[in-house]
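**Student:** Quick one, what's the 3D model for this:
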Amino acid sequence: MRRILATLAVVGALLFSAGAAWADFDDGVAALKRGDYATALQEFRLLAEQGHAEAQNAVGVMFGNGLGVSHDHAEAAKWYRKAAEQGDAVAQNNVGIVYSTGLGVSQDHAEAAKWYRKAAEQGHVEAQKNLGAKYFKGEGVPQNHAEAAKWYRKAADQGHAGAQNNLGFMYSNGLGVSKNEAEATKWVRKAAEQGFAEAQFNLGFMYFNGKGISKNEAEAVKWYRKAAEQGHVQAKFNLGFIYANGLGVPQEFVKAYMWWSIASAQGHQDGAKFLDIIKKEMSHTQIAEAQQLATEWWEKLSN
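**Tutor:** Numbers count the residues shown, from 1 in each chain. Okay, here's the model as predicted:
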């Protein structure tokens, strides 16, 4: 699923691509926006075959996401590469993605890092974050936390929430930078305030444990809840623990059961274990109420 989402993310970038020279490209973008994929592909392919880099990338997007055509990752990779070789930063990042994931090409982390670097050096924010991740993991390049932090910072300074959260992690653990919990909190908060679920969870953890910030269990609950509402499983489990023990909130076994039930349904093993424990402290009526709350939560999420 992550691979698919990574490829789908380029559609949004495509729609705001700047500097298209030919009106037909704009016609293709307009068709794509209204869901007329056949027309969009026709417009893009005509230009792509004439060497228009943005159109070549757009054709890659269409094939990579099965928009108006059958999914064909090899064809997508071919068109991304044509645009990338002309210096198109969006396409260079896309080539990096396909090499990193092995979609339509043989997986090759060194090749992925090479193309991420080309895009990153042009200021492409997603590529900067991706290159930082390569250095962090040592995929395709020697592991180098200082380089990872450098590229995360470049993306973070452009407002990339994932990079901001990652940079916060680097500061919290002293990886590639001097350990600094206050700086870690600053960057994690920036990401959390953009709605990035992992950062919201991390900020909740920081408040709960007083890491880089004054301990505040009520604030921890607030940020855990924001992450939980976006599907973050560990945040749901932590909310169950908080309600079971009355930490920053009144002790409520019904809500603890609700959150552990939801976490357990998403595969959290400790959630299932803690459900068995708390059941012994609850009446049948309380359990029924908690189960109803969990059902209502799932229904709200699906709407």
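**Student:** C-terminal to the helix or strand harbouring A119, which secondary structure element comes first?
**Tutor:** Assigned by DSSP states H and E, A119 belongs to helix 109-120. Note on helix 109-120: by DSSP H and E, the next helix or strand toward the C-terminus is helix 125-137.
**Student:** Distance from the chain centre to that next one, please.
**Tutor:** Computed by C-alpha atoms, centre = their mean, to the nearest Å, the separation of helix 125-137 from the middle of its chain amounts to 13 Å.
**Student:** Equivalent analysis for stretch 279-288, please.
**Tutor:** 37 Å.
**Student:** hang on, the earlier thing: report all helices and strands that the helix holding A119 contacts.
**Tutor:** On a contact count with 3 or more C-beta pairs under 8 Å, 6 or more residues apart in numbering; DSSP states H and E, helix 109-120 meets helix 89-101, helix 125-137. No exception for glycine: its C-beta is placed from N, CA and C like everyone else's.
**Student:** Can you list the neighbours in contact with it?
**Tutor:** Here helix 109-120 makes contact (C-beta atoms under 8 Å, 6 or more residues apart in numbering) with 84, 87, 89-90, 92-93, 95-97, 99-100, 126-128, 130-131, 134, 139-141, 151, 154.
**Student:** same check, this time on stretch 86-97
**Tutor:** Identification of contacts with stretch 86-97 by C-beta under 8 Å, 6+ apart yields 6-7, 10, 13-14, 17, 51, 53-54, 56-57, 60-61, 64, 77, 80-84, 103, 112-116, 118-119, 122-124, 126-127, 130.
**Student:** Looking at the helices and strands packed on helix 109-120, spot the one closest to G174.
**Tutor:** G174 lies closest, by C-beta to C-beta, to one member of the helices and strands packed on helix 109-120: helix 125-137, at 13.7 Å.
**Student:** Quick check: buried residues in that closest one?
**Tutor:** For helix 125-137, the neighbour count (16 or more other C-beta atoms under 10 Å) marks V125, E126, A127, Q128, K129, N130, L131, G132, A133, K134, Y135, F136 as buried.
**Student:** Run the angle between that helix and helix 109-120 for me.
**Tutor:** 140 degrees (axes from the mean of the first three to the mean of the last three C-alpha atoms, to 10 degrees).
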